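Undergrad: Please work out how this folds:
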Amino acid sequence: DLLYGLNLAREPAKRDGMLVIVEGYMDVVSLHESGIGCVAACLGTSLTDSQLFLAAKVSKRIVLSLDADDAGTQAVCRLCERLLPRAAAAGIDVGVVSLPD
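TA: A predicted model of the protein is given here:
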């Protein structure tokens, strides 16, 4: 499993103390063009365990910013149920940012 743009986000994430994970590659491109470099994409709403632990190699503080549509909201709920306990046990701080459409 890969995270799109992780190679570009590695240094900014270390500098900023967090890695933001978004859904799509265009989210990454537009944020990087706006000067926000600590961003990578899971390429869909289903962040996998291996993607989370790959992201944690870059930063122990992960911020999820998925789309605010129904699919994104449901994905965040599933992620919270499935991944948060494992992330917390591994010392990974996961936060969620909800942005309006």
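Undergrad: burial count for L8?
TA: Neighbours of L8 under the rule other C-beta atoms under 10 Å: 16. The way it works is simple: take the backbone N, C-alpha and C, and place the C-beta from them, glycine included.
Undergrad: Now do the helices in the protein.
TA: All helices of the chain, identified by DSSP state H, fall at 6-16, 25-33, 49-56, 70-82, 84-89.
Undergrad: so which of those gets nearest V97?
TA: helix 70-82 (9.9 Å; C-beta to C-beta).
Undergrad: Buried residues of the closest one, list them for me.
TA: Within helix 70-82, the residues scored as buried using 16 or more other C-beta atoms under 10 Å are 72, 75-76, 79.
Undergrad: and the two most separated of these?
TA: G72 and L79 (10.4 Å).
Undergrad: where in this structure is pLDDT low?
TA: For the chain, the stretches with pLDDT under 70 are 45, 101.
Undergrad: who's in contact with the residue nearest the centre of the chain?
TA: Nearest to the mean C-alpha position of the chain, counting by C-alpha atoms, centre = their mean, stands I21 at 1.8 Å. Shown in contact with I21 (C-beta atoms under 8 Å, 6 or more residues apart in numbering): 3, 39-42, 47, 51, 55, 62-65.
Undergrad: Also H32?
TA: By C-beta under 8 Å, 6+ apart, H32 lies in contact with 5, 8, 39.
Undergrad: quick one: it from A88, how far?
TA: Applying C-beta to C-beta, to the nearest Å, the value for H32 to A88 is 29 Å.
Undergrad: Same question for L47.
TA: From L47 to A88 the distance is 15 Å (C-beta to C-beta).
Undergrad: go on, S30?
TA: Counting by C-beta to C-beta - S30 and A88 are separated by 31 Å.
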